[in-house]
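1. My questions concern the predicted model and sequence given below.
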Amino acid sequence: MENSKNIHDGHRERLTDLILSAGIDNVSQFQAVESFLTFILPRGDVNPLAHRLLNKYETFSNILEANVSDLIQIKGLNERSAKKIKLFAEVISYYPSSKMTKKTNLKNSGEFLDNIEQLLRFKTTENLYMFAFSHNFSLIQKRSYDMKEVREVGISPYELYNFISSTKLSYLIVVHNHPHGTAMASPNDEHAVCYIEELIKNHNCKLLDSFIIGVDGIYSEKQKAFVRRFQSEENILSYINKKQAK
């Protein structure tokens, strides 16, 4: 019993030190999951649980995207710890969102595209954001909306006017995502842009653009073109194979 205890003594600390020194991208997925689980379960050996989760879900992202009702079927997880896993996923998505501060300026369009890519590229559910910018293109505020309600009734005029009046914006940008689909605009997307422009035409502000983020890139509805392309897994593998062939 004493030997068993000694094997695990300091393991969490060694794992933390390893990840801090090497970087989480340079350790195995198992070590990354095991480290993550130390935040979910502050005591005990999480090694067997990491194995069980990866055996079922295969990847860290799949673990975070699993339903609470599904997670609690795994030995070693109860409802509270399963909810912590889901909360962790929300915290991760909040990080890129919180980086979009008032220092964000559209004069650096690449930075804005970076931010919305981090915000929405890997979301598995539909999300819509409105961004308010000042006359000098500095970010004033961003606001998220219930995509289910937006799909059913469109953006509420009341919500839109409230956003405009409360932020005193000069320019508006709308961003939403197409999880698992192309970023190309659908007829409904095109109609939504016309609808927003009609709503705000007498409010001394302008819709600069409506961006859509899909698996293949970021699409500008104003430019009717992709402003950023994402490398697909197939393209990346093809590139690697060509390099190796040389």
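-> It's in. Residues are numbered from 1 along each chain as shown.
2. Check the gap between the residue nearest to residue 60 when sequence neighbours are not counted and residue 58 for me.
-> Using C-beta to C-beta, 6 or more residues apart in numbering and skipping residues adjacent in sequence, the residue nearest residue 60 is residue 33, 5.5 Å away. Using the backbone N, CA and C atoms, a C-beta is placed for each residue, glycine as well. Counting by C-beta to C-beta, to the nearest Å, the gap from residue 33 to residue 58 is 11 Å.
3. Which of these two has more residues huddled nearby?
-> Set residue 33 next to residue 58 and count neighbours by other C-beta atoms under 10 Å: residue 33 wins out with 20 against 11.
4. Distance check, the residue nearest to residue 60 against residue 72.
-> Residue 33 is 17 Å from residue 72, by C-beta to C-beta.
5. With residue 200 instead?
-> Residue 200 is 46 Å from residue 72, by C-beta to C-beta.
6. buried ones in the lengthiest helix in the chain?
-> In the chain, with assignment by DSSP state H, the single longest helix is helix 79-99. The neighbour-count check on helix 79-99 (16 or more other C-beta atoms under 10 Å) flags 81, 82, 84, 85, 93, 96 as buried.
7. Contacts only, for the fourth one.
-> Right, residue 85. For residue 85, the contacting residues are 40, 63, 64, 66, 71, 77, by C-beta atoms under 8 Å, 6 or more residues apart in numbering.
8. List the contacts of the closest residue to the last one other than its chain neighbours.
-> The shortest distance from residue 77 to any residue that is not its chain neighbour, by C-beta to C-beta, 6+ apart, is 5.4 Å, and that residue is residue 71. Contact analysis of residue 71 by C-beta under 8 Å, 6+ apart lists 63, 77, 82, 85, 86.
9. again, 7 Å this time
-> Going by C-beta atoms under 7 Å, 6 or more residues apart in numbering, residue 71 touches 77, 82, 85.
10. where's it relative to residue 35, distance?
-> Counting by C-beta to C-beta - residue 71 and residue 35 are separated by 18 Å.
11. Could you give the number of residues near residue 160?
-> Residue 160 - counted by other C-beta under 10 Å - has 20 other residues nearby.
12. Return the per-residue confidence for the nearest residue to it once chain neighbours are set aside.
-> Leaving out its chain neighbours, the residue that sits closest to residue 160 by C-beta to C-beta, 6+ apart is residue 199, at 5.7 Å. Confidence at residue 199, expressed as pLDDT, is 91.
13. elements contacting the strand or helix carrying residue 199?
-> If you go by DSSP states H and E, residue 199 is part of helix 187-200. Applying 3 or more C-beta pairs under 7 Å, 6 or more residues apart in numbering; DSSP states H and E, we find helix 187-200 packed against helix 157-167, strand 206-214.
14. Identify whichever of these lies nearest to residue 107.
-> strand 206-214 (12.4 Å; C-beta to C-beta).
15. Distance of the residue nearest to residue 77 relative to residue 60?
-> 13 Å.
16. Quick check, residue 66 in contact with residue 57.
-> Yes. Contact criterion C-beta atoms under 7 Å: residue 66 and residue 57 qualify, at 6.1 Å.
17. Partner strands of the helix or strand harbouring residue 173 and their direction?
-> Using DSSP H and E, residue 173 maps to strand 171-177. Counting by DSSP bridges, the strands paired with strand 171-177 are strand 128-133 (antiparallel), strand 206-214 (parallel).
18. Quick one: distance of whatever helix or strand comes next after the longest one to the chain centre.
-> If you walk from strand 206-214 toward the C-terminus, the next helix or strand you reach (DSSP H and E) is strand 217-220. What separates the centre of strand 217-220 from the centre of its chain is 16 Å, taken as C-alpha atoms, centre = their mean, to the nearest Å.
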